[in-house]
Each structure stands twice: as structure tokens, then as C-alpha cells.
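Chemist: Sharing a model prediction with you, sequence too.
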Amino acid sequence: MCPMPNKVTFDTVRKIGLTLPGVEVSTTYGVQSLKVDGQLLACPAINKSAEPGSLVIRVDMDRRAELLEGDPATYYITDHYATYPSVLVRLSKVNPDVLKDLLLMSWKFVTSKKSSRKRARRSR
């Protein structure tokens, strides 16, 4: 018997993301997204340069380079997203465990940026 094909959707992303502290469902450019204190964590890739069924996930540029090099079948970038600290993820290529790790990585990136901005404001 063949195993069921992996079917990760944004619904899966939302369910996993909401287990992280402070994560809320919001909208970004008219699509459902996940945010922490108003900062984007992840959303469906809606720019026409992205492949259908892709997720944009915020990560630092070094981690993005590692993901792109380590698994180009799953992770990619287009010119539109190249200047943003993010990576595109083919949802058809990830399982929920990998997705959980990616969302945690993104959460750490977004929340560490937020706290460094707060520290910068307090030191003024």
C-alpha cells in the first residue's frame, strides 16, 4: 500500500503557527497570514513570480542561503523576494515536522528583531 501523499496547506501552516507564543492570524495584501505583534511571520506567496502552492516565510539572509543550498527542491527565491529577509517554500515538498521547525525559526527571527528594535528605542 502506498503512503498518502504529503498535503500541507496554509491551513496546516496556520494550525502549527498558532501554537507559538503571540502568533495571530491576520491579513497581508488581502491573504491570510501569520504575524507576531504586527510583524509578518508567514503567508502564502501571492506575487506572480512565485510558484502556486508556495509559502513566504521570514528568515535571516544567512539561514535563507543555507536552506537554498541545502534543499533547492523545497526552497527557492525569485527576484521579487530577493531583497526581503524571507524564503519561498514549496508546501508540496515539506511535512508538518519540517514546517514546525521553519515556523519556529521564523518566529525566533521576527521576535528577536522586534526585541532589538525595542532595546534601540529605550536607549535613545
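Modeler: Yep, that arrived.
Chemist: Any idea what the residue nearest the centre of the chain is bridged to?
Modeler: For the chain, I57 is the residue whose C-alpha lies nearest the centre (C-alpha atoms, centre = their mean; 1.8 Å). For I57, the beta-bridge partners under DSSP bridges are A42, V87.
Chemist: and the gap between the residue nearest to D71 when sequence neighbours are not counted and T19?
Modeler: Once flanking residues are discounted, D71 sits nearest to K93: 7.9 Å by C-beta to C-beta, 6 or more residues apart in numbering. Placement of C-beta: from N, CA and C, glycine included. Plainly put, K93 is 22 Å away from T19 if you go by C-beta to C-beta, to the nearest Å.
Chemist: quick one: which of those two has more around it?
Modeler: Counted by other C-beta atoms under 10 Å, K93 and T19 do not tie: K93 has more neighbours, with 15 against 10.
Chemist: Any buried residues in the host helix or strand of I16, and which?
Modeler: For I16, the element it lies in under DSSP states H and E is helix 10-17. Neighbour counts using 16 or more other C-beta atoms under 10 Å place 10, 12-13, 16-17 of helix 10-17 among the buried residues.
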